[in-house]
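Asker: missing the sequence, but the structure's below:
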């Protein structure tokens, strides 16, 4: 017997189909990750599973391989055997592509369904028959209501990144979907964090689950952590200069810079390009084709930086990414965990840098307490630090050139010059030319050193369990009062939308947040005040996304019904 087959911790020792082992070998998978070693046997045995797993630990294969292993090759039945629910369209595409690669030799039919894609194409694929559906909750519920997604033959339901789905207001949609699935189904739930809301779902819908707690792969004793985390305290006025200074010092191969708003993304991307960086913007105002082009530029090396909002960057897996930079401190610790999860994936090292204003220092402490990992607060690099770093990079380039040993053809230049100048002077002049030719920035801006002075006002609302307007921590609208408002007074840059359904139609804030987050490019955190009356509701969204949201909601349903959506004539 093959030695690998005798090893129960190898893929060959897990009773996977030969077609799957062949696919894994072709993809270069040599051995299972820790979560795959724990999860695959449990799922194959038919057990429900609750897993805490950070991004990059290999959880997609952990649930996909057992699902595929139980399928017959070239299955022809019409209805799916597995439904995988994910929070975003990017993750839906990413997961479906992975399952397609694993199950290619089995002829597995995998379909991603999500908002923003023509529904006619999805209807045709469902009519032809599928084996595995990867869906966002809102669009899945829409197909269930249309009776185009039938779950009678469903064997497995997977909730992937469950905490993210709850943050986006999908809790009620998930409950509705699970009630439509067979009572005999197997349920698998993966989440980066396990707050009480996740435990509540697990206790209600999972039966005697196997429990796996992996988190992020940690470094061995005496080793540096896979993600080095640091922060710089800097005033808002000096943030662009500080970011440029940090990028010059860190010299990332590829970096993802997170901002809170679309306007900030566009402004910062333009500023970075003006400073000589190759930066691309990515946010919810861009369609999928535009996002794909941005990703293509980063992967091909045409761009070095992507400046993005949280909603645009969810589900991204960029192999060459080395740095994540928080241009603002994230709105809650869980967002921080998801952001830095873009690096340090699958054993690769990464760097996470946060630019914090003095009032945000206490928010860093809250993140440290939750992640149980230190965030080193460092001084913003000075002009002298930058010059030293640039000279070090020139020295390294010259050192590599000397090791290549292809310098003989330049000897005649050196010999000619040493007849007139000392050889050290010749070398210094050559280093000067090399340094200037490297494009070293002449950064002379003074960035004042600021001591972090956390104040009472700086305490984040999520740290105290209060939202800014009566919702859940982090501004989520889950517990907003009926007919009440969320977020207080209208914010500048927001537009108010009229939705022709209210309390009589049993509309709740979560329904509106879920519909908007699923069908448009916005996340739950982008949505402002919500007011629900008997026959209508008012929702505030960023003004630059209002038309997109209106079009998306008109083309979809809320609680299974089409509703009138327009700009509120009494608002902006």
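Answerer: On my side now, so go ahead. Everything numeric in this text was worked out from a predicted model, so none of it was measured. Numbering: from 1, shown residues only.
Asker: Identify the residues contacting residue 115.
Answerer: 89, 136, 138, 139, 518, 519, 520, 552, 556 (Cβ atoms under 8 Å, 6 or more residues apart in numbering). (C-beta placed from N, C-alpha, C; glycine too.)
Asker: This protein - how does it break down into domains?
Answerer: 3-215, 227-382, 384-437, 465-567 (automatic domain parsing).
Asker: Out of these, flag the one nearest residue 447.
Answerer: Using Cβ to Cβ as the measure, domain 227-382 is the one of the domains of the chain that comes nearest residue 447, at 4.8 Å.
Asker: Ends of the closest one, what's the gap?
Answerer: End-to-end distance for domain 227-382: 24 Å, by Cα to Cα, to the nearest Å.
Asker: Then stretch 500-510?
Answerer: 16 Å.
Asker: List the buried residues of that stretch.
Answerer: Within stretch 500-510, the residues that qualify as buried are 500, 501, 502, 505, 507, 508, 509, 510, counting by 16 or more other Cβ atoms under 10 Å.
Asker: Just the closest of the residues you listed to residue 35, please.
Answerer: residue 510 (30.4 Å).
Asker: what about residue 231, which helix or strand?
Answerer: Element membership of residue 231 [criterion: DSSP states H and E] is strand 227-233.
Asker: contact partners of that strand?
Answerer: Here strand 227-233 makes contact (Cβ under 8 Å, 6+ apart) with 216, 242, 246, 340, 343-344, 349-358, 361, 364, 373-380, 450-452.
Asker: Now, of these, which are buried?
Answerer: 216, 242, 246, 340, 343-344, 350-358, 361, 364, 373, 375, 380, 450, 452.
Asker: out of those residues, which are inside helices?
Answerer: Among these, DSSP state H puts 242, 246, 340, 361, 364 in helices.
Asker: Please identify which of those residues is nearest to residue 409.
Answerer: Using Cβ to Cβ, those come closest to residue 409 at residue 246, 39.2 Å.
Asker: ok, that closest one to residue 352 distance?
Answerer: To residue 352, residue 246 is 12 Å away according to Cβ to Cβ, to the nearest Å.
Asker: overlap in contacts of the two?
Answerer: residue 325.
Asker: How many residues are close by residue 409?
Answerer: Applying other Cβ atoms under 10 Å, we find 7 residues neighbouring residue 409.
Asker: before we move on, what about residue 131?
Answerer: For residue 131, the neighbour count with other Cβ under 10 Å is 24.
Asker: hang on, it packs against residue 96?
Answerer: No - counting by Cβ atoms under 8 Å, residue 131 stays clear of residue 96, with 11.3 Å between them.
Asker: tell me, what's touching these two both at once?
Answerer: Residues within reach of residue 131 and of residue 96 at once, by Cβ under 8 Å, 6+ apart, are residue 110.
Asker: With mean pLDDT added, can I get the domains of the chain in JSON lines?
Answerer: Shown next, in JSON lines, are the domains of the chain (pLDDT from 0 to 100):
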{"stretch": "domain 3-215", "mean pLDDT": "89"}
{"stretch": "domain 227-382", "mean pLDDT": "83"}
{"stretch": "domain 384-437", "mean pLDDT": "78"}
{"stretch": "domain 465-567", "mean pLDDT": "72"}
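Asker: Endpoints of stretch 165-185, how far apart?
Answerer: 21 Å.
Asker: starting at the chain centroid, how far to it?
Answerer: Its chain's C-alpha centre and that of stretch 165-185 lie 22 Å apart, by Cα atoms, centre = their mean, to the nearest Å.
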